[in-house]
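[1] Structure here, sequence nowhere to be found:
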């Protein structure tokens with residue numbers, strides 16, 4: 001009974017994306033308390049389900065979530081769809097119809113591959129993440145093109161999570177990191193949101209009129225603050241391809257048979273880790289303060305072993 005209800009909850013959320021606990025309790029003949037307990041178990045299992053309190057709240061699942069393609073074989077998937085279609089011919093259930101439609105769309109998406117704006121293929125996720133990031137990117141891309149509001153859960157660098165409605169106007173790719181430039185209804189201003197920090201997203205279906213903005217309004221140099229650093233590096237031939245992709249070929253030069261790189265960089269928490277990730281063939285020459293910080297980090301790493 002428990003797993004049947006949990007499976008039903010999952011398919012209901014895939015179809016409707018947001019429902020109330022009382023609706024689920026009535027649908028499956030269990031208590032509201034049991035519904036919340038099942039939701040907790042599903043969340044622990046990795047299903048991105050959120051519970052939002054209040055008049056506009058409910059239980060919802062991210063639009064970027066799809067069933068793992070490893071869950072069923074292609075033949076099992078086809079048989080499942082056939083069974084659902086046969087069942088729906090008798091029941092004519094709205095929720096079941098929506099589930100069938102979503103499964104059909106997913107199957108077609110698998111055949112197309114990962115697409116953005118119809119003619120660009122993007123897989124921005126890490127190896128083994130089952131294209132979760134690309135699914136998120138696709139949802140936001142389509143909402144931007146179709147001018148649809150998005151309801152997101154966003155986690156800032158401090159770990160604070162907020163739910164907010166945004167009006168996506170533009171996708172931004174900078175230094176291999178994706179952002180969406182959107183008007184935030186919570187803050188009542190345009191903001192730049194890092195896609196990697198969007199935990200869940202729902203297309204509300206509400207349309208919006210694009211708001212005027214200029215290119216110079218977009219904080220493309222959002223890291224250019226007092227924490228900007230002018231750094232110089234010595235680069236071995238083995239590290240050259242990586243450094244050229246990171247800093248740009250225009251910032252790498254050859255002198256007396258050796259390679260060097262100079263660039264203004266954001267002096268944030270990620271800088272030291274990025275420098276160390278290049279390897280031993282990448283040496284910081286200046287400024288001295290950066291050299292000292294790299295040495296300190298190397299010592300800490302050495303002490304761990």
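    The structure has been received and is ready for your questions. No experiment lies behind these values; they were computed from the predicted model shown.
[2] so where do the strands sit in the protein?
    Taking DSSP state E to define them, one finds strands in the chain at 18-19, 49-52, 58-61, 115-116, 120-121, 148-155, 161-174, 177-184, 189-194, 198-207, 228-235, 252-255, 258-266, 282-286.
[3] Now that we have these, can you turn them into JSON lines and tack on mean neighbour count?
    (C-beta placed from N, C-alpha, C; glycine too.) JSON lines is the format used below for these (neighbours: other Cβ atoms under 10 Å):
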{"stretch": "strand 18-19", "mean neighbour count": "18"}
{"stretch": "strand 49-52", "mean neighbour count": "17"}
{"stretch": "strand 58-61", "mean neighbour count": "22"}
{"stretch": "strand 115-116", "mean neighbour count": "17"}
{"stretch": "strand 120-121", "mean neighbour count": "10"}
{"stretch": "strand 148-155", "mean neighbour count": "20"}
{"stretch": "strand 161-174", "mean neighbour count": "17"}
{"stretch": "strand 177-184", "mean neighbour count": "20"}
{"stretch": "strand 189-194", "mean neighbour count": "16"}
{"stretch": "strand 198-207", "mean neighbour count": "17"}
{"stretch": "strand 228-235", "mean neighbour count": "16"}
{"stretch": "strand 252-255", "mean neighbour count": "12"}
{"stretch": "strand 258-266", "mean neighbour count": "16"}
{"stretch": "strand 282-286", "mean neighbour count": "17"}
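[4] Can you check which of the ones you listed gets nearest to residue 133?
    Shortest distance between residue 133 and the strands of the chain, using Cβ to Cβ, is found for strand 177-184: 8.2 Å.
[5] Off-centre distance for that closest one?
    The chain centroid and the centroid of strand 177-184 are separated by 11 Å, computed with Cα atoms, centre = their mean, to the nearest Å.
[6] so what does it touch, helix or strand wise?
    For strand 177-184, the packing partners by 3 or more Cβ pairs under 8 Å, 6 or more residues apart in numbering; DSSP states H and E come out as helix 132-146, strand 161-174, strand 189-194.
[7] again, 10 Å this time
    helix 132-146, strand 148-155, strand 161-174, strand 189-194, strand 198-207 (3 or more Cβ pairs under 10 Å, 6 or more residues apart in numbering; DSSP states H and E).
[8] Name the residues that touch the last one?
    Same thing as strand 198-207. Residues outside strand 198-207 that contact it (Cβ atoms under 10 Å, 6 or more residues apart in numbering): 17-18, 48-50, 60-65, 133, 135-137, 139-140, 142-143, 146-155, 161, 163, 165-168, 178, 180, 195.
[9] Can you check what angle separates it from strand 177-184?
    50 degrees (axes from the mean of the first three to the mean of the last three Cα atoms, to 10 degrees).
[10] got the angle between strand 198-207 and strand 148-155?
    Going by the same axes, to 10 degrees, strand 198-207 makes 160 degrees with strand 148-155.
[11] Relative to strand 198-207, what are the paired strands and their orientations?
    strand 148-155 (antiparallel) (DSSP bridges).
[12] What's the mean pLDDT across the strand it pairs with?
    Taken as a whole, strand 148-155 has an average pLDDT of 92.
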